[in-house]
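**Student:** structure for the following, please:
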Amino acid sequence: DGLELYFVSDRPGALGGPGDQDIYVSRRTSLDGSWGTPERVPPPVSSAFFDITPTISLDGLSLYFGSNRPGPFGPPWPDLWVSHRASVNHPWGEAENLGAGINTPLFEGSIDISPDARTAFFGGVTAEFVFDIFVSRRRSRDETFATRVNVPASFNCDGHDFGPPLTPN
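**Tutor:** Got it, this is the predicted structure:
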């Protein structure tokens, strides 16, 4: 709805100490209104670990992000996680790891989800330690994502490819 802006910052007071990054949000009351003072998104989203690349679903009820918090493959490298809320006026719930279909022992981040929440595009490090764009699909919101697939070669180059945002259509 254009009323919330999520971003990452390493500003003083980070939950993991100096150099850590937390997720912040700024809000406004209308599309032509001024942005409010940014506030750290509280735990369980922001944590004492490295929390990065937030993406919010179009309905505003799911927040996807990278974090190197303890999980199936991390730390030290970030995995992709999601937190849900019942409405835009409710707090974010526990962070859930998106699972082995998307995450690996290497770095994953910068995810975007289709409006039906069944397709995820994201950046991930390959075995050659190069960032590529991957896609993973699932049949419904309630299922886990299938094994990730590298998008066609025309998208990925010999260098690093990262940060694939989708348009709503």
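
**Student:** the residue nearest the centre of the chain: what's it in contact with?
**Tutor:** Centroid check for the chain by CA atoms, centre = their mean gives residue 65 as the closest residue, at 2.0 Å. Shown in contact with residue 65 (CB atoms under 8 Å, 6 or more residues apart in numbering): 23, 45, 51-55, 80-83, 95, 111. Every C-beta, even on glycine, is put in place using the N, C-alpha and C of the backbone.

**Student:** please report how far the residue lying closest to residue 141 once chain neighbours are set aside lies from residue 98.
**Tutor:** Of all residues not flanking residue 141 in the chain, residue 117 sits nearest, at 4.7 Å (CB to CB, 6 or more residues apart in numbering). To residue 98, residue 117 is 11 Å away according to CB to CB, to the nearest Å.

**Student:** which of those two has more residues huddled nearby?
**Tutor:** Neighbour count, other CB atoms under 10 Å: between residue 117 and residue 98, residue 98 has more, with 24 against 18.

**Student:** so what sits opposite the nearest residue to the more buried one once chain neighbours are set aside in the bridge?
**Tutor:** Excluding its sequence neighbours, the residue lying closest to residue 98 (CB to CB, 6+ apart) is residue 80, at 4.6 Å. Beta-bridge partners of residue 80, counted by DSSP bridges, are residue 66.

**Student:** in this structure residue 80 contacts residue 64, no?
**Tutor:** Yes - Residue 80 lies in contact with residue 64 (CB atoms under 8 Å); the separation is 6.5 Å.

**Student:** SS state for the residue nearest to residue 141?
**Tutor:** Of the three states, residue 117 takes coil under DSSP: H, G, I helix; E, B strand; the rest coil.
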